[in-house]
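Novice: coordinates only, sequence not included:
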């Protein structure tokens, strides 16, 4: 049955007017691949040759999680690629998928499973996993494809993360291919392209506005500490911390990156979070010397550094740190302020 469907798909594909400009994705039965590695390739090659199709116009999809043996997976992929087909790792991220298999297989395209893609616009964990797959794909020369896209927000987020190819009901549902279907899909692509441009502009404007507000808050804190002895900083910071709604924590480092004194927390923020053992503010003498917010200010000799978002070990919220070099009569210090980027669900 699988071979009949594959033959029919290739035959119908050949009938397309713009067949030279598109690629047919053929999902192969993993049981056939794993047990009879040469047979499936032979039939795919045979069907393509019968229709006079360039092998490079066919992408074979392999569900890597259903091929348990790594050597089999590598051999199958290398064989198809050597013949001229594109090779796609399908449903990556499902079941027991692991990043190591991407390195071993080096496919042309990595198709990220819909489980990771669905609602990605609202889930930082999913975004982080997809970003890791994208980063690794770039290093080994693979494209990434997000499958199961059903809404505009997820399409925009996938584009923002760096996904190369997009698939899902948002663009078209499974149906016979006609010129009318193609026209609707093209119109949808034009529409979302317009949306992407606005999304990028809005994201840049938002980030700039957010950073400007955080810079203003840092200026306010530094101005309030001006003229004080370092030992008096903490009492004053405790008084003003809860007045700054966007601030999570404030702490001071010496020139070696070692924390001086306690972490001053905005209790309004920290008390909203049910604390678990792994999440707690750093103590006096904690070593921050490998953190971006210390390392870049200290070693690049710059006055300020603003980090990318990361999970705060003080609360488990997503935050960004703005660090500021302070020159005082007793030495050089680095003031660090953690700003809440957004609150995460299910932390």
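Specialist: It's in. Keep in mind it's a predicted model, so treat the numbers as computed, not measured.

Novice: so which residues of the stretch 101-250 of the chain form strands?
Specialist: 109-112, 143-146, 165-166, 247-253 (DSSP state E, counting those that start in this stretch).

Novice: what's the closest of those to residue 24?
Specialist: strand 109-112 (13.1 Å; CB to CB). In short, each C-beta sits where N, CA and C put it, glycine included.

Novice: note down every partner strand of the closest one and its orientation.
Specialist: strand 86-92 (parallel), strand 143-146 (parallel) (DSSP bridges).

Novice: what mean pLDDT does that strand have?
Specialist: What strand 109-112 shows for mean pLDDT is 93.

Novice: can you lay out the strands paired with strand 109-112 as TSV showing mean pLDDT?
Specialist: Shown next, in TSV, are the strands paired with strand 109-112 (pLDDT from 0 to 100):
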stretch	mean pLDDT
strand 86-92	88
strand 143-146	96
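
Novice: could you export those to a markdown table, including columns for distance to residue 228?
Specialist: Formatted as a markdown table, those follow (distance: least, CB to CB, whole Å):
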| stretch | distance to residue 228 |
| --- | --- |
| strand 86-92 | 55 |
| strand 143-146 | 51 |
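
Novice: format the ones you listed as a markdown table; extra columns: mean neighbour count and distance to residue 259.
Specialist: Formatted as a markdown table, these follow (neighbours: other CB atoms under 10 Å; distance: least, CB to CB, whole Å):
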| stretch | mean neighbour count | distance to residue 259 |
| --- | --- | --- |
| strand 86-92 | 24 | 41 |
| strand 143-146 | 23 | 39 |
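
Novice: returning to what we had before: can I get the strands of the stretch 101-250 of the chain in TSV including distance to residue 178?
Specialist: Below are the strands of the stretch 101-250 of the chain laid out as TSV (distance: least, CB to CB, whole Å):
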stretch	distance to residue 178
strand 109-112	25
strand 143-146	24
strand 165-166	21
strand 247-253	55
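
Novice: which residue, neighbours along the chain excluded, lies closest to residue 292?
Specialist: Excluding the flanking residues, the one nearest residue 292 by CB to CB, 6 or more residues apart in numbering is residue 307, at 5.1 Å.

Novice: that neighbour is in contact with residue 320, isn't it?
Specialist: Yes. Between residue 307 and residue 320 there is a contact under CB atoms under 8 Å: 5.3 Å.

Novice: these two - which one has more neighbours?
Specialist: residue 320 (21 against 18; other CB atoms under 10 Å).

Novice: confirm that one sits in a helix?
Specialist: No. If the criterion is DSSP: H, G, I helix; E, B strand; the rest coil, then residue 320 is strand and not within a helix.

Novice: so what's it scoring on pLDDT?
Specialist: pLDDT, residue 320: 95.

Novice: quick one: contacts for it?
Specialist: Counting by CB atoms under 8 Å, 6 or more residues apart in numbering, residue 320 touches 214, 306-310, 338-339, 341.

Novice: what about those, which are in strands?
Specialist: Assignment to strands by DSSP state E places the following of these there: 306, 310, 338-339, 341.

Novice: any idea how many residues pack against residue 311?
Specialist: So residue 311, with other CB under 10 Å, has 17 neighbours.

Novice: tell me the contacts of the closest residue to residue 251 other than its chain neighbours?
Specialist: Nearest non-adjacent residue to residue 251, counting by CB to CB, 6+ apart: residue 263, 4.6 Å away. With contact taken as CB under 8 Å, 6+ apart, residue 263 is in contact with 249-251, 281-283, 314.

Novice: make sure residue 263 is indeed in a strand.
Specialist: Yes. According to three-state DSSP, residue 263 belongs to a strand.

Novice: chain neighbours aside, what residue packs nearest to residue 90?
Specialist: Distance criterion CB to CB, 6+ apart; nearest residue to residue 90, sequence neighbours excluded, is residue 61 at 4.2 Å.

Novice: for the stretch 151-300 of the chain, which segments count as helices?
Specialist: Assigned by DSSP state H, counting those that start in this stretch, the stretch 151-300 of the chain shows helices spanning 152-161, 179-225, 233-241, 267-270, 292-299.

Novice: include mean neighbour count when you put those into JSON lines, please.
Specialist: Listed next are the helices of the stretch 151-300 of the chain as JSON lines, based on neighbours: other CB atoms under 10 Å:
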{"stretch": "helix 152-161", "mean neighbour count": "20"}
{"stretch": "helix 179-225", "mean neighbour count": "13"}
{"stretch": "helix 233-241", "mean neighbour count": "17"}
{"stretch": "helix 267-270", "mean neighbour count": "17"}
{"stretch": "helix 292-299", "mean neighbour count": "18"}
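
Novice: of the ones you listed, which shows the lowest average pLDDT?
Specialist: Across the helices of the stretch 151-300 of the chain, helix 267-270 gives the lowest mean pLDDT, at a mean of 72.

Novice: pretty sure residue 333 sits in a strand.
Specialist: Yes. Membership of residue 333 in a strand is supported by three-state DSSP.

Novice: could you report the neighbour count for it?
Specialist: 19.

Novice: any idea how far it is from residue 244?
Specialist: To residue 244, residue 333 is 20 Å away according to CB to CB, to the nearest Å.
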